[in-house]
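Undergrad: Here you go, sequence then predicted model.
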Amino acid sequence: MAIAQNPAAGQAVSEQIARFIAGFRSMDIPDHAMARARDLLLDSTGIALASHGYEFASRAMAAIEELDSGGDSAVIGSPKRFEMRNAALVNGILIHGLDYDDTHSRGVIHSTASIYPTVLALASHFNKTIDEMVTAYILGVEVATRLGSVVKGGFHQVGFHPTGLIGAFGCTIAAGWLMGLDEKQLTDAQGLVLSMGAGSMEFLNDGAWNKRMHPGWAAVSGITAATLAKHGYKGTRLAYEGRFGLYKSHLGADADYDLNLATEGLGQVWEVTAISVKPLPACHFTHAAVDAAIRLRHRGVKHEEIERVEVLVPQEVIKTVCEPEELKRKPANSYEAQFSIPYLVGTALINGRLTLDDIEPPALHDPDVLALAARTYYRADPDSAFPKYYDSEVIVTTKDGKVFREREAVNRGASDRPLTRQDICMKFRDNALRQVSPERAEMIEFMMLHSDGAAKARSLAQCLGQGDMVVA
């Protein structure tokens, strides 16, 4: 079902989206989009499992356990059960906590990290099938990625994190479809979540953990908004284009954005197939530079001989991964390191790789990496194709005056250079085995990729939560 190309006069964007979602059926999604969605869900599951080995996960679990009044919703990688919204919050933290989760390049949003926890909790609660869960996930992705694309990366420039802000709208759509909301209720739900979506980029200045909770909070907001609308609670109609709607309130009345992109190609172009899976555990904006640096290392460039490193990056990402320079050159913790071009490029030039272990102590205090980071500079890339690609170029000048260059024009994992299912399975296994046995990892992989779509999402949730397998 494609959205009408000429909507009725005066029809709000939220109403156009609601009309498309309310009439949608699982069978309307092509097989290749369904298969890609399962790949993305498997990837995020592995990351959630790996996150249990980190302090942020144990502290989040402890906090939510204190707030929780009891429920039966699964937490990925844990036998604990929480109330539905609390489980979604924790799962969002686990998926996004390592900054290893997928990205939609044009929307500049980690859509899976918020929508997956939403549909896992709700599909299990309402005893939906796995196909219905995946359908709801895809619908949330289709809307969220388009809403993010409207601003062409503009949210980051004014300090908002679209994964939390826009993610709340995608979660609302996914939740609303699973709940069977009608057009009016879906319109109300989008208007209501306008008052809930959030996400500040201030964490960049001190490596705080705020960003890790943004997707989970988007999931909480989406479930809440959809449930309120289900019971007739009225929401504003002009959620997007209103005088104080999403874009004008967050970007200003004179901001550059294209609202037509919010619904363009709905039901015809499947943005879920354009989502990039991360091959590296760091901010996606840094990947091209890291891969270029790794190639320089493999070409024989030795860090002891480097006088200066210059990295060309898209103008739009400078505030996120290059500034403030003094903090980026000497990150205080792993989270700061994941958003630091100097540290990550230095690590790649010295080690010829970037793994989860390379952004944790004692690697963070490696004197050679820090010395090279102190000699690493940046400038805006005049030839960047951002946001289509998160491209970059690394230029190394040695002490004897030789210059070596490597350009990554299309970042690895991008929609035009995607990771294969085999690549994704390898990444999943590497992450999953940090938390679960090989047998359980194999079981999760099978259920996510190969189970009958008629099987129940509750069975999948119990498997992910380390419960006994339940026959659907």
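TA: Happy to help now that I have it.
Undergrad: Specify the residue ranges that define each domain of this protein.
TA: The domain map for the chain lists 13-276, 284-408, with the assignment taken from automatic domain parsing.
Undergrad: closest one to residue 447 among those domains?
TA: For the domains of the chain, proximity to residue 447 was assessed by C-beta to C-beta; domain 13-276 is nearest, at 7.9 Å. Heads up, the C-betas are built off the backbone N, CA and C, glycines and all.
Undergrad: tell me the mean pLDDT over the closest one?
TA: Domain 13-276 comes out with an average pLDDT of 97.
Undergrad: Any idea how far apart the tips of it sit?
TA: This stretch, domain 13-276, spans 27 Å end to end (C-alpha to C-alpha, to the nearest Å).
Undergrad: How far does it sit from its chain's centre?
TA: 9 Å (C-alpha atoms, centre = their mean, to the nearest Å).
Undergrad: Same question for stretch 297-308.
TA: The answer for stretch 297-308 is 33 Å, by C-alpha atoms, centre = their mean.
Undergrad: How about it, which residues are buried there?
TA: Across stretch 297-308, burial judged by 16 or more other C-beta atoms under 10 Å covers 297, 301, 303, 306.
Undergrad: what sits against the second one?
TA: By that I understand residue 301. Residues in contact with residue 301 (C-beta atoms under 8 Å, 6 or more residues apart in numbering) are 349, 396, 398, 404.
Undergrad: Who wins on neighbours among the residues you listed?
TA: Within the contacts of residue 301, neighbour counts (other C-beta atoms under 10 Å) peak at residue 396, which reaches 28 neighbours.
Undergrad: Can you pull the phi/psi pair for the residue nearest to the spatial centre of the chain?
TA: Centroid-nearest residue in the chain: residue 110, 1.8 Å away (criterion: C-alpha atoms, centre = their mean). The phi/psi pair for residue 110 (degrees, to the nearest 10) reads phi -90, psi 80.
Undergrad: just checking, it touches residue 97?
TA: No. Using C-beta atoms under 8 Å, residue 110 makes no contact with residue 97, being 11.3 Å away.
Undergrad: Report all helices and strands that the helix or strand hosting residue 344 contacts.
TA: Residue 344 belongs to helix 341-351 when elements are defined using DSSP states H and E. For helix 341-351, the elements it packs on are helix 287-298, strand 306-313, helix 325-329, helix 334-338, helix 367-373, strand 376-380, judged by 3 or more C-beta pairs under 8 Å, 6 or more residues apart in numbering; DSSP states H and E.
Undergrad: Run through the residues that contact residue 57.
TA: Residue 57 makes contact with 51, 93-94, 97 under the criterion C-beta under 8 Å, 6+ apart.
Undergrad: please redo it, this time with the cut-off set to 10 Å
TA: Residues in contact with residue 57, defined by C-beta atoms under 10 Å, 6 or more residues apart in numbering, are 48, 50-51, 75, 77-78, 90, 93-94, 97-98, 212, 435.
Undergrad: again with residue 371
TA: 303-304, 306, 329, 346, 350.
Undergrad: Could you do residue 190 as well?
TA: By C-beta under 10 Å, 6+ apart, the neighbours of residue 190 are 12-15, 17-18, 21, 143, 147, 168-169, 172-173, 176, 222, 225-226, 229, 235-240, 246.
Undergrad: how close does residue 173 sit to residue 144?
TA: For residue 173, the distance to residue 144 equals 8 Å [C-beta to C-beta, to the nearest Å].
Undergrad: which neighbours do these two share?
TA: Both residue 173 and residue 144 are contacted by 115, 222, under the criterion C-beta under 10 Å, 6+ apart.
Undergrad: Assign residue 273 to helix, strand or coil.
TA: With DSSP: H, G, I helix; E, B strand; the rest coil as the basis, residue 273 sits in helix.
Undergrad: helix or strand for the closest residue to it other than its chain neighbours, which one?
TA: With C-beta to C-beta, 6 or more residues apart in numbering as the criterion, residue 273 has its nearest non-adjacent residue at 5.0 Å, and that residue is residue 36. Counting by DSSP H and E, the element that carries residue 36 is helix 31-51.
Undergrad: if we can go back for a sec, what sits against the nearest residue to the residue nearest to the centre of the chain once chain neighbours are set aside?
TA: Using C-beta to C-beta, 6+ apart and skipping the chain neighbours, the partner closest in space to residue 110 is residue 163 (4.4 Å). Residues in contact with residue 163 (C-beta under 10 Å, 6+ apart) are 92, 96, 101, 103-104, 107-114, 144, 148, 155, 170, 199, 211, 214-215, 218.
Undergrad: same thing with residue 224?
TA: 85, 168, 171-172, 175, 189, 192-193, 196.
Undergrad: where's it, which helix or strand?
TA: Using DSSP H and E, residue 224 sits in helix 210-230.
Undergrad: One more: residue 134?
TA: Per DSSP H and E: helix 130-149 holds residue 134.
Undergrad: Report the angle between that helix and helix 31-51.
TA: Calculated by axes from the mean of the first three to the mean of the last three C-alpha atoms, to 10 degrees, helix 130-149 forms an angle of 90 degrees with helix 31-51.
Undergrad: C-alpha coordinates for helix 130-149, PDB please?
TA: Presented in PDB, the C-alpha positions along helix 130-149 are these (Å, rounded to 0.1, in the frame of the first residue of the first chain):
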ATOM      1  CA  ILE A 130       7.200 -12.900  14.800                       C
ATOM      2  CA  ASP A 131       6.100 -11.700  11.400                       C
ATOM      3  CA  GLU A 132       3.800  -9.100  13.000                       C
ATOM      4  CA  MET A 133       6.600  -8.000  15.300                       C
ATOM      5  CA  VAL A 134       8.900  -7.600  12.300                       C
ATOM      6  CA  THR A 135       6.200  -5.700  10.300                       C
ATOM      7  CA  ALA A 136       5.700  -3.300  13.200                       C
ATOM      8  CA  TYR A 137       9.400  -2.800  13.400                       C
ATOM      9  CA  ILE A 138       9.600  -2.000   9.600                       C
ATOM     10  CA  LEU A 139       6.700   0.500   9.800                       C
ATOM     11  CA  GLY A 140       8.400   2.300  12.600                       C
ATOM     12  CA  VAL A 141      11.700   2.400  10.700                       C
ATOM     13  CA  GLU A 142      10.000   3.600   7.500                       C
ATOM     14  CA  VAL A 143       8.500   6.600   9.400                       C
ATOM     15  CA  ALA A 144      11.400   7.400  11.700                       C
ATOM     16  CA  THR A 145      14.000   7.400   9.000                       C
ATOM     17  CA  ARG A 146      11.900   9.700   6.800                       C
ATOM     18  CA  LEU A 147      11.200  12.100   9.600                       C
ATOM     19  CA  GLY A 148      14.900  12.300  10.300                       C
ATOM     20  CA  SER A 149      15.700  12.800   6.700                       C
END
